[in-house]
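Student: what follows is a protein structure lacking sequence information:
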């Protein structure tokens, strides 16, 4: 039988040069696995607060640098329209209903290739106001597009900043220390 004794060191006990070598060799330590999960949970909560749900999210932080909300579905049209800056348009529809015989029966909101479409259904009495109702629907769709573009830009920025942090020397060092990894004198992890 042969016994071998090795001296192992915590990250903090190593020379700065060896620490830098370890950091450089472990640049992906924090982005292995689904590092974005908790951010997506936060994004889903934010969508719920504006009356929207989503099947999933897609993103690319490298080549195209984009963020997409996959198959968004409007759960509550009125909350969603208010959240996306359509208070004035909702007021105009309410006003139209109160001073005419027109009744707004339904507002449908759908997404097609990252652009929103608003369909406003009304009773036959609304035919006299069809052009104005169409203009209101178009303005609503434009407001939604603007809002959702800003929201996806915000989500992309949060994702990119968190990703950049996870790749930083500081975050890599924190992970190594928190996991209590030990190394040989030349920086090999044991």
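Tutor: On my side now, so go ahead. Since this is a predicted model, take the numbers as computed values, not measurements. Residues are numbered from 1 along each chain as shown.

Student: now do the buried residues in stretch 148-167.
Tutor: Of the residues in stretch 148-167, those scored as buried under the neighbour-count criterion (16 or more other Cβ atoms under 10 Å) are 148, 151-152, 155-156, 159, 162-163, 166. Where you see a C-beta, it was placed from the backbone N, CA and C, and this is true even at glycine.

Student: roughly how far does the nearest residue to residue 60 once chain neighbours are set aside sit from residue 160?
Tutor: With Cβ to Cβ, 6 or more residues apart in numbering as the measure, residue 66 is the residue that lies nearest to residue 60, at 5.5 Å, once sequence neighbours are left out. Distance from residue 66 to residue 160, counting by Cβ to Cβ, to the nearest Å: 11 Å.

Student: and residue 43, by the same measure?
Tutor: In terms of Cβ to Cβ, residue 43 sits 14 Å off from residue 160.

Student: now residue 111
Tutor: With distances defined as Cβ to Cβ, the gap from residue 111 to residue 160 amounts to 23 Å.

Student: kindly report the same for residue 23.
Tutor: Taking Cβ to Cβ as the criterion, residue 23 is separated from residue 160 by 21 Å.

Student: quick one, what contacts the residue most central in space within the chain?
Tutor: The geometric centre of the chain, computed from its C-alpha atoms, lies nearest to residue 155 (Cα atoms, centre = their mean), at 3.6 Å. Taking Cβ atoms under 8 Å, 6 or more residues apart in numbering as the contact definition, residue 155 lies against 43, 57, 67, 69.
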